[in-house]
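Student: here is a sequence together with a model predicted from it:
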Amino acid sequence: MSLIRAFPGLRPAAGRAEEVAAPPYDVMSDTEARAMVEGRPWSFLRISRPEVDLPADVDPYAPEVYAKAAENLATMRREGVLVQDSGDCFYVYRLTMGTHTQLGVVAAASVDAYDDGRIKRHELTRPAKELDRVKQISALNAQTGPVFLVYPSDERIDGLLDGVAEGDPDMEMTGSDGVRHQIWVVSDKTRITALTLLFEGLPALYVADGHHRSAAASRVAAQCRAGNPQHTGEEPYNYFLSVIFPHKQTRILDYNRVVKDLNGMTGEQFLRAIGEQFRVREMDQPVKPEQTGHFGMYLAGTWYRLELEDARIPSSDPVASLDVSLLANELLEPLLGIADQRTDNRIDFVGGIRGLKALEQRVDGGEWAVAFALYPTTMNALMAVADAGKIMPPKSTWFEPKLADGLVSHLL
């Protein structure tokens, strides 16, 4: 099996991408999703978040939710809103957010390569979320949410994609967030073969975002193989929907933290305790860290810069040297008693796209006691963790811009 392959994508009909495209299913609340579909009968959220078409008190994991997703997908195909390409294609995909652009390819990635570790992961999954995606894929008989993969930047691949994107796009739309999405269909067999072989020469791909979707695709493939006595390995279920970008073009923003209380300490006691681990400086403006080991802290209406001495930053451990780990190991656990960020409800996470003002608002609102601004995890650090076969702490990366759901889907 090849690392990636072309496939006949299911896409919005000509001129309908704006009506269909939706943000990723997991970046909004139920209330926000319901608001987003108002006046938009063909929004892809009706497939990725089908509970928006059911009563507000419905359990999002109930069987009728997945059944509604399948019904809505069938309707959109029957009405000609979504149309499948007649042959195998790759899809070159450009994202533009302000001055930032990144150019990648939509492809079907090998489940075997994922299972064997050639497509490398860096996060643990939560069983309930993984099962949700298994049920979604099974109900639709399709993968509709792409996994965001990264390849080590390769001039030959980059150049091939650049060449395709020199022409007019086959599909273009701008989301409500101002991000522009452009897609070029690659149906030429020569280009398809060249791109397939170039990817086959890469040592690995990396899951940047979409660990639950990739894990779910693996589980569905295992179920399909077990139930298919004529299994050959070439069936669509042996691959999963992905968008693959060169690592040098991806952008990771900070993923910040807020904590409910000071673990029984007063503000003065907390500052003294921090001073035993960090150099602490009071600042007259918000602090956005510019290097590893530096943190911003917002406490009782005041910003502080926290600086960890270089000697306290491990140099040989790719996980322990991450800023999310440094904050956890030097402050959150020993001072605030937060040992497991995955399960402790005293901590919450704020994506960097919301800015430092969002941290101030959470603390000033009174429900949270302190906020921490972190230096973003780098793509090289993510790849180093994955190469070492290790796992990052939860909420270590926030990728922007986000992929859109509904522009290309993979039927099984």
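Tutor: In hand now; what should we look at?
Student: so Asn141 sits against Leu412, correct?
Tutor: Yes: using Cβ atoms under 8 Å, Asn141 is in contact with Leu412, at 5.0 Å. To be clear about C-beta, it is placed using only N, CA and C from the backbone, and glycine gets the same treatment.
Student: who has more neighbours, these two?
Tutor: With other Cβ atoms under 10 Å as the criterion, Asn141 and Leu412 differ in neighbour count, and Leu412 comes out ahead with 19 against 14.
Student: next one, pLDDT for the more buried one please.
Tutor: On the pLDDT scale, Leu412 is placed at 96.
Student: ok, Ser316 next?
Tutor: Per-residue confidence (pLDDT) for Ser316: 88.
Student: can you tell me the helix or strand for it?
Tutor: With elements taken from DSSP states H and E, nothing contains Ser316; it lies in neither a helix nor a strand.
Student: and it, its phi and psi?
Tutor: Ser316 has phi and psi values of phi -110, psi -10 when expressed as degrees, to the nearest 10.
Student: and it, how close does it get to Tyr375?
Tutor: With the distance defined as Cβ to Cβ, to the nearest Å, Ser316 ends up 19 Å from Tyr375.
Student: now do Thr99
Tutor: As judged by Cβ to Cβ, Thr99 and Tyr375 stand 21 Å apart.
Student: the more surrounded of those two?
Tutor: For the pair Thr99 and Tyr375, the greater number of neighbours falls to Tyr375 (20 against 5), based on other Cβ under 10 Å.
Student: all helices of the stretch 151-300 of the chain, in order?
Tutor: Remark: helices of the stretch 151-300 of the chain, listed N- to C-terminal, are 155-164, 189-200, 211-226, 267-275; assignment by DSSP state H, counting those that start in this stretch.
Student: and the residue nearest to the spatial centre of the chain, what is it in contact with?
Tutor: Most central residue of the chain, judged by C-alpha distance to the mean C-alpha position with Cα atoms, centre = their mean, is Asp209 at 3.1 Å. By Cβ atoms under 8 Å, 6 or more residues apart in numbering, the residues touching Asp209 are 147-148, 397, 399.
Student: most neighbours among the residues you listed, please name it.
Tutor: Counting neighbours by other Cβ under 10 Å, the top entry in the contacts of Asp209 is Val147, with 26 neighbours.
Student: now do the same for the residue lying closest to that one once chain neighbours are set aside: its pLDDT.
Tutor: With sequence-adjacent residues excluded and distances taken as Cβ to Cβ, 6 or more residues apart in numbering, Val147 is closest to Gly210, at 3.5 Å. According to the predicted model, the pLDDT of Gly210 comes to 93.
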